[in-house]
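> Just need the structure, nothing else, for what follows:
(one chain, ligands or ions: 1)
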Amino acid sequence: MTGEELKRRAAERAVSLVADGMRLGLGTGSTARHFVALLGARVREGLDVVAVPTSEATRAQAEAEGIRLTTLDETPELDLTVDGADELDDRLRLIKGGGGALLREKIVAAASRRMVVIADGSKRVAVLGRFPLPIEVVPFGLGATRRAVAAAAERAGCRGALSLRSAPDGAPFVTDGGHYILDGAFGRIEDPEALAGALATVPGVVDHGLFLGLATGAVVASEEGLAELGRL
Ligand SMILES: O=C(CO)[C@H](O)[C@H](O)COP(=O)(O)O
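All right, here's what the predicted structure looks like:
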């Protein structure tokens, strides 16, 4: 089975969790894209839901699928968010933000009663950190913020290169919120909570891709079948 087929399998299970009347959060990335496509098919069959997208890319896809959209201003509490992840551990701690949407993804997940992660088996790790940690920063003061991020990470036991993410044209990648992303190649993050706490003290850091205590469940698809973690 290809990676895309595995992602679709996980998305199919997540779509089965959606019921009429639900207020949904729609994730971002190639796995979430399968979910939005499958959800769109159910909406065209008559399913009545309303959804908040976590990126402009997902907004465009959801609109094209005919999914009714809302905002967290109109609908501040959601029933279920379904999103992908770059890594997840057995305690449902995540690294997200490979697609650059981590800030809206975290706001939407925090506004949801349930957040279900959909992923293929390659995303499951024993210890977070193989995937570089995205850290969203304000462009102003980038040099100083980068130094402060490095110092904060070191206090939490993490060292590694902090690379400014680039767009395909070589310019800095700019998030939907107008920020830059530093990708921290820390390797093993032994204490994600300590790192999250340390990063939160740095002025100029808007947010980071550690999602701790947000995911309530996960569907992980591999050749062996679907593994379900936590509460779906
Ligand atoms: O956090 C994300 C975007 O900001 C994505 O959920 C994450 O990067 C996983 O993407 P994919 O499903 O394409 O592997």
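> Identify all contacting residues around stretch 205-213.
Contacts of stretch 205-213 with the rest of the structure, by C-beta atoms under 8 Å, 6 or more residues apart in numbering, involve 85-86, 93-98, 102-103, 105-106, 109, 128, 133-138, 145, 149, 177, 179, 189, 192-193, 195-196, 199. To be clear about C-beta, it is placed using only N, CA and C from the backbone, and glycine gets the same treatment.
> now, which of these lie close to the ligand?
The overlap between the contacts of stretch 205-213 and the neighbourhood of the ligand (criterion: C-beta under 6 Å from any ligand atom) consists of 85, 86, 96, 97, 98, 102, 105.
> Pretty sure residue 184 sits against residue 162.
Yes. Between residue 184 and residue 162 there is a contact at 5.3 Å, judged by C-beta atoms under 8 Å.
> Neighbour count: the two, which is higher?
Each of residue 184 and residue 162 has its neighbours counted (other C-beta atoms under 10 Å); residue 184 has more, 25 against 19.
> who touches the more buried one in this structure?
132, 133, 134, 135, 149, 153, 158, 160, 161, 162.
> circling back: quick one: common contacting residues for residue 184 and residue 162?
Taking C-beta under 8 Å, 6+ apart as the contact criterion, the common neighbours of residue 184 and residue 162 are 135, 149.
> Residue 153 contacts residue 186, doesn't it?
Yes. Under the contact definition of C-beta under 8 Å, residue 153 touches residue 186, with a separation of 6.4 Å.
> Report the set of residues contacting both of these two.
Between them, residue 153 and residue 186 share the contacting residues 159, 160, 195, judged by C-beta under 8 Å, 6+ apart.
> Per the annotation, how does this structure divide into domains?
With domains defined by automatic domain parsing, the chain comprises 3-125+212-230, 133-206.
> Return the most buried member of those.
By mean neighbour count, with neighbours taken as mean count of other C-beta atoms under 10 Å, domain 3-125+212-230 ranks first of the domains of the chain at a mean of 20.
> ok, back up a step: what's the closest of the contacts of residue 184 to the ligand?
Nearest to the ligand, judged by C-beta to the nearest ligand atom, of the contacts of residue 184 is residue 134 at 7.4 Å.
> Can you name the residues in contact with stretch 67-81?
For stretch 67-81, the external contacting residues (C-beta under 8 Å, 6+ apart) are 17-18, 22-27, 36, 39-40, 43, 49-54, 59, 62-63, 107-109, 111-116.
> Restricted to strands, list those.
When the contacts of stretch 67-81 are checked against strands (DSSP state E), the matches are 23-26, 50-53, 112-116.
> Any chance of JSON lines for those, columns distance to the ligand?
Compiled in JSON lines, the ones in strands among the contacts of stretch 67-81 are given as follows (distance: C-beta to the nearest ligand atom, whole Å):
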{"residue": "23", "distance to the ligand": "20"}
{"residue": "24", "distance to the ligand": "15"}
{"residue": "25", "distance to the ligand": "12"}
{"residue": "26", "distance to the ligand": "11"}
{"residue": "50", "distance to the ligand": "21"}
{"residue": "51", "distance to the ligand": "16"}
{"residue": "52", "distance to the ligand": "15"}
{"residue": "53", "distance to the ligand": "12"}
{"residue": "112", "distance to the ligand": "15"}
{"residue": "113", "distance to the ligand": "20"}
{"residue": "114", "distance to the ligand": "16"}
{"residue": "115", "distance to the ligand": "11"}
{"residue": "116", "distance to the ligand": "12"}
